[in-house]
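1. the sequence and its predicted three-dimensional model are supplied below.
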Amino acid sequence: MGRYEDVSQDVLDMVTEVRREWFPDLRNVKIKVLFDIKKKMSNGYMVLGRIQKTNDLLRYLTVDESLNDGFDYIMYLDRMAFRWIEDNDKIRIIRHELRHIFIDIEANNPYKIIPHDIEDFAEEIEFNSDDVRWKSRVVEVALSQYENESE
């Protein structure tokens, strides 16, 4: 069994809606969205989502009938978390990952990834001020489900 799988149509629709509402400047950016079906940890923290820009090989490997030059970015979402959390938390994860995208139209390769302002993005902290511990809550739910699955 592989590590990744395509997300469901409802998740693709959610990514499209978040892009439309919060990031209209990314409307022409091609993003492949995948579920990571295994728990990923980094520096002792669970990774709920991540995004990477594609290199020449990944662009080639993501070419299909509708995209003659492949995807610009790949977004990975933790499948277990997305199975158990509410839509507003899914939107928070998607919105956070989309904030990493920067398009520099002057550059030869305009697709860039930008790091966090701090441990998160200042805008996301402000947007989530109504539920500042949302990420800890989501991680706890996902880790609990991973533990249940392993029993």
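-> Yes, it's here.
2. any idea what residue 50 is bridged to?
-> Taking DSSP bridges as the rule, residue 50 bridges to residue 76.
3. distance of it from residue 35?
-> 12 Å (CB to CB, to the nearest Å). Bear in mind the C-beta positions are built from the backbone N, C-alpha and C, glycine included.
4. got any residues that touch both of those two?
-> residue 76 (CB atoms under 8 Å, 6 or more residues apart in numbering).
5. pLDDT (mean, whole number) over the helix or strand encompassing residue 95?
-> Using DSSP states H and E, residue 95 sits in helix 87-99. On average, the pLDDT along helix 87-99 is 95.
6. try stretch 31-44
-> Per-residue scores along stretch 31-44 average to 93.
7. low-confidence ranges, the protein, go.
-> For the chain, residues meeting the criterion pLDDT under 70 lie at 1, 65-67, 117-120.
8. for it, give the helix that spans the most residues.
-> Counting by DSSP state H, the longest helix found in the chain is helix 134-150.
9. quick one: buried residues of that one?
-> 134-135, 138-139, 141-142, 145 (16 or more other CB atoms under 10 Å).
10. and for residue 98, the neighbour number?
-> By other CB atoms under 10 Å, the residues close to residue 98 number 20.
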